[in-house]
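Chemist: A predicted structure for the sequence below; I have some questions about it.
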Amino acid sequence: MHVDIVPVGDVNAAVKREASGGLRSVYECEVTVHDAHTIPEGSYDESRKQYRAEEFIDLAKRVGSGTKNIAVTPKDLYYHRRNYVFGLAYLGGSGSVISTYRLRTSSDGGFSNRSPGEIFSDRVRKEVVHEIGHTLGLEHCDNKRCVMNFSPTVREVDVKEERLCGSCQRNAL
Ligand SMILES: [Zn+2]
Ligand SMILES: [Zn+2]
C-alpha cells in the first residue's frame, strides 16, 4: 500500500512527520507527502465558521495518486449534523481527511506523563491511522484501546493506542 498525504493550508513540518510516521509504523506502507494545497474553494460555511470535510476528501483524491490518500489540515471541519469531526473517510474508499484544529484543544489532564506537544503528536498519529483504517474497510471497534474506537472527544483519542486490535488487523482489507 502507498499512502499520499496532501497538506491543505498551513500544515507544519512536525504534523507531516507524525502523520507519515504513524502510517508507516502501523501499516508498513510507503508514504509520500505532497506540497501544500490551498483550501478547497467553496468548502467554507459562513454561518458555522467551519469547513465541509467532504470537499477535503475530494481534494485528496484528486491530487493524490496513492492507493489511499489523506488530506491533513489545520482548519476546523464538520460533517452533516456533527458539530465537528477530527477526521472523515468513506468506508473502503481511497480518500480521507484529518483536521488538527481540535486535537490541540487541551492536554490529557495528567492521564499520561506526556508533554502537551507529545500528546498532540500522538493524537495526530492516531487519527491518521484511524481514518486510513476506515478506507481499509474497518468500522468502529468497541475495544477502547484499539485505534478504530470511535473518539468523539480528545479524551477517547488519548485512551486509545496507536495500533489496530487483533480483530481489526484481521479484518483490514
Ligand atoms: Zn471513525
Ligand atoms: Zn479494533
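Modeler: Thanks, I have it. Numbers count the residues shown, from 1 in each chain. Ligands and ions are numbered 1, 2, ... in the order given.

Chemist: And the contacts of stretch 14-25?
Modeler: 3, 5, 7, 29, 31, 33, 70, 72, 98, 100, 121, 124-126, 128-129, 132, 162 (CB atoms under 8 Å, 6 or more residues apart in numbering). Using the backbone N, CA and C atoms, a C-beta is placed for each residue, glycine as well.

Chemist: redo that, cut-off 10 Å
Modeler: 1, 3, 5, 7, 11-12, 29-34, 36, 68, 70, 72-74, 98, 100, 103, 117-118, 120-130, 132, 147, 162-163 (CB atoms under 10 Å, 6 or more residues apart in numbering).

Chemist: Now do the buried residues in it.
Modeler: V15, K16, E18, A19, S20, G21, G22, L23 (16 or more other CB atoms under 10 Å).

Chemist: What residues does the chain have near ligand 2?
Modeler: Applying CB under 5 Å from the ion, we find that the chain lies next to ligand 2 at C141, N143, C146, M148, C165, C168.

Chemist: Nearest spatial neighbour of the first one, chain-adjacent residues omitted?
Modeler: When the adjacent residues along the chain are set aside, C141 lies closest to M148, with 3.9 Å between them (CB to CB, 6 or more residues apart in numbering).

Chemist: got it, and the second one?
Modeler: Across the structure, with CB to CB, 6+ apart as the measure, the residue nearest N143 apart from its sequence neighbours is C165 (4.6 Å).

Chemist: cool, and the third one?
Modeler: Leaving aside its chain neighbours, C146 sits nearest to C165 (3.8 Å; criterion: CB to CB, 6+ apart).

Chemist: List the contacts of that neighbour.
Modeler: Neighbours of C165 in contact, by CB under 10 Å, 6+ apart: C141, D142, N143, K144, R145, C146, V147, M148, N149, N171.
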